[in-house]
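Chemist: Got a sequence here, can you model it:
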Amino acid sequence: MLNRLFNNPTQIAIEYALDATSARAHLIANNIANADTPGYKALRLNFEDILEQKLDDSGVASIGLKQTDPRHLPGKVFHGLKGTPTPYGIVYSDDRTTYRLDNNNVDIDREMAEQARNAIEYSTLTELAGRRLSQLRTVISEGRR
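Modeler: Numbers count the residues shown, from 1 in each chain. Okay, here's the model as predicted:
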């Protein structure tokens, strides 16, 4: 019974997404710190494919998109990224562009925008986790009556 409360798809997705946004924040900070390092390529994190795999491994149905019309894009999208697999996702080097003559491709404006987006995503996920725990607290406290 308790296992179902804490291991449902929503809880699992929130936990992995929180871990991934935390890891992504470290990568963004690393990119900003190496903005002046010659030859440095920005690092990115793709955790969506790992999240889908984790949810599939837990026995939960795939969270892919539903294709209701043949003209729609297919439901499962795998980005085919080559990189280093981590528990939080695939860390890959963004080597498609070079912004400077020293082959460094860190764009501070992009990194700051990514940092702001990641902070908003993390804040939203912590709010969701808090609400979920609040619901469980309400269920437990109402059971005492």
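
Chemist: For stretch 118-133, which outside residues touch it?
Modeler: For stretch 118-133, contacts defined as C-beta atoms under 8 Å, 6 or more residues apart in numbering pick out Thr10, Gln11, Ile14, Glu15, Ala17, Leu18, Thr21, Ser22, Arg24, Ala25, Ile28. Quick note: C-beta positions are derived from backbone N, CA and C, even for glycine.

Chemist: Selecting buried members of the residues you listed in PyMOL, what would you type?
Modeler: Applying 16 or more other C-beta atoms under 10 Å to the contacts of stretch 118-133, the buried members can be selected in PyMOL as follows:
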select buried, resi 11+15+17+18+21+24+25+28
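
Chemist: Which one of the contacts of stretch 118-133 is nearest to Met112?
Modeler: Nearest to Met112 among the contacts of stretch 118-133: Ile28, at 8.7 Å, using C-beta to C-beta.

Chemist: from memory the closest one sits against Ala113, does it?
Modeler: No. In this structure Ile28 lies outside contact range of Ala113 using C-beta atoms under 8 Å: 9.9 Å.

Chemist: pull the longest helix from the chain.
Modeler: helix 108-143 (DSSP state H).

Chemist: what are the ranges of the strands in this structure?
Modeler: Assigned by DSSP state E, the strands in the chain fall at 43-46, 84-86, 89-93.
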